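Peer 1: requesting a structural model of the entry that follows:
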Amino acid sequence: MEFDFSAEQQQLREQVRRFLSDRCDRKAVRTILDGPEPFDRSLWKGMAELGYLGASIPEEHGGLGLGYLEACVVAEELGRALAPVPFQSSIAQAAECLKLAGSAAQQARDLPALARGEIIATLALAEGSGALRPASVMTRARAEGQGFVLSGEKPVVMDGDVADIAFVLAQDESAGGLSLFRVALAGPGVSREAVATIDPTRSHARLRFANATAERIGAAGQGWGLCEQVLDRAAVLMAFEQLGGADRALYMARDYALERFAFGRPIGSLQAIKHMLSDMYVSATLARSNCYYAAWALSTGADELPVAAATARVSATQAYQHCARNNTQVHGGMGFTWEFDCHLHYRRANLLALSLGSLSSWEDKLIARMNLRAAA
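Peer 2: The predicted model follows:
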């Protein structure tokens, strides 16, 4: 039984890491953090040219058709580099939505453009604080002519300020349930407002719809089930991004502990620092194990995916937050300064912890799904 990525996938990892090392160093990340641009457009274009955006998109739709394992490798390296690009929203969420429920015409129109980086897409689901529930969705869509018009508000949408299209969860008045709708964000009836978050390198926006022209994606009234499937797939890819960030924060702390001397000895020789680094290593290793299990379930379409995705999401969230926090502590007073990069991982760890739903909501999902499986 194979418990690691193949030689070809490891080679892809090395290629992506070299590319990001050249194009996404700390200066590039800080340029987005301090500047007016919402993401690194040059980096995004380069990723598209090398085919990284299309790793899990079929060849017939302009992608490389490699598979989910390769997409997980790309996501992990993006997390390690703190890449300020809309990979999660456009590829991990929107592209998966199209692959799951888009018609042949919808897939042929949008998937090639997503793979080439020509358009950016996002998923607009939640409408307030707390866990996403069917009853909490107030945005409504009604049939008009050959399509639909949509009205409502999504207060915090990842990359909503830069996306060209959004897949919006709304009450479908023609079906009596929830459906997903494709909305062109540059069209009439759509307004958006940038929302400030803890991590400016990953932009968010408030989207408002006032009779915006919409197109239904998937079967009428089946939007909730579709969203759960999309979120499970996206959770695996986001867990790998978190894993990459946790791993990088761990090694930042280790390197500093070996370089920083106090009272004539490296601080890494102090027992308190050793324990802190050991705890970080354990949490990151546990997360890696759960992420690999989820990657297997996703790539094979296994029935275990719902449990595996929730497990990976929970452990990767905990690991990244733990490693980012302890990395700052290992750096001591310098770790709290703007000049050191510790706060970049702390920002990203806390932002990703709330993306796709909070940690507690995924813990609830995990418990419910494990109970359901035990009762089967």
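Peer 1: show me which strand runs longest in this protein.
Peer 2: Longest strand in the chain, counting residues (DSSP state E): strand 204-217.
Peer 1: parallel or antiparallel, which strands does that strand pair with?
Peer 2: strand 147-158 (antiparallel), strand 177-184 (antiparallel), strand 190-195 (antiparallel) (DSSP bridges).
Peer 1: ok, residues contacting stretch 323-343?
Peer 2: 26, 245-247, 249-250, 252-253, 256-257, 260, 267, 273, 276-277, 279-280, 283-284, 345-346, 348-350 (C-beta atoms under 8 Å, 6 or more residues apart in numbering). Heads up, the C-betas are built off the backbone N, CA and C, glycines and all.
Peer 1: all strands of this protein, in order?
Peer 2: Ranges of strands in the chain, per DSSP E, are 121-124, 140-144, 147-158, 165-172, 177-184, 190-195, 204-217, 261-262, 265-266.
Peer 1: same for the last one, what does it pack against?
Peer 2: Think strand 265-266. helix 223-259 (3 or more C-beta pairs under 8 Å, 6 or more residues apart in numbering; DSSP states H and E).
Peer 1: hmm, try it at 7 Å
Peer 2: Of the remaining helices and strands, none touches strand 265-266 by 3 or more C-beta pairs under 7 Å, 6 or more residues apart in numbering; DSSP states H and E.
Peer 1: partners of that strand in the sheet?
Peer 2: strand 261-262 (antiparallel).
Peer 1: and for the spatially closest residue to Glu59 that is not a sequence neighbour, the neighbour number?
Peer 2: In space, and not counting its chain neighbours, Glu59 is closest to Gly65: 3.8 Å by C-beta to C-beta, 6 or more residues apart in numbering. Using other C-beta atoms under 10 Å, Gly65 has 16 other residues around it.
Peer 1: repeat for Arg208
Peer 2: Neighbours of Arg208 (other C-beta under 10 Å): 17.
Peer 1: distance of it from Leu231?
Peer 2: If you measure Arg208 against Leu231 using C-beta to C-beta, to the nearest Å, the figure is 23 Å.
Peer 1: now render the strands paired with strand 204-217 as TSV, adding distance to Glu304 and mean neighbour count.
Peer 2: As requested, the strands paired with strand 204-217 are arranged in TSV below (distance: least, C-beta to C-beta, whole Å; neighbours: other C-beta atoms under 10 Å):
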stretch	distance to Glu304	mean neighbour count
strand 147-158	27	20
strand 177-184	25	23
strand 190-195	36	15
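Peer 1: got a markdown table for the ones you listed, with distance to Ile57 too?
Peer 2: Below are the strands paired with strand 204-217 laid out as a markdown table (distance: least, C-beta to C-beta, whole Å):
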| stretch | distance to Ile57 |
| --- | --- |
| strand 147-158 | 19 |
| strand 177-184 | 17 |
| strand 190-195 | 26 |
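Peer 1: which one of those lies closest to Gly225?
Peer 2: strand 177-184 (8.9 Å; C-beta to C-beta).
Peer 1: so what touches the closest one?
Peer 2: Residues outside strand 177-184 that contact it (C-beta atoms under 7 Å, 6 or more residues apart in numbering): 97, 101, 134, 137, 141, 148, 150, 164-172, 190, 209, 212, 214-218, 220-224, 226-227.
Peer 1: let's go with 8 Å and repeat that
Peer 2: Here strand 177-184 makes contact (C-beta under 8 Å, 6+ apart) with 97, 101, 106, 110, 134, 137, 141, 148, 150, 164-172, 190, 209, 212-224, 226-227.
Peer 1: mind checking which of those are buried?
Peer 2: Those of the contacts of strand 177-184 that meet the buried threshold are 97, 101, 106, 110, 137, 141, 148, 150, 164-172, 190, 209, 212-218, 222-224, 226-227, by 16 or more other C-beta atoms under 10 Å.
Peer 1: show me this protein divided up by domain.
Peer 2: 7-119, 122-224, 225-375 (automatic domain parsing).
Peer 1: what's opposite Lys154 in the beta bridge?
Peer 2: Leu207.
Peer 1: got a list of what it touches?
Peer 2: Neighbouring residues of Lys154 by C-beta under 8 Å, 6+ apart: Ala124, Leu125, Ala126, Glu127, Thr139, Gly160, Ala166, Val168, Arg206, Leu207.
Peer 1: many thanks, we can stop here.
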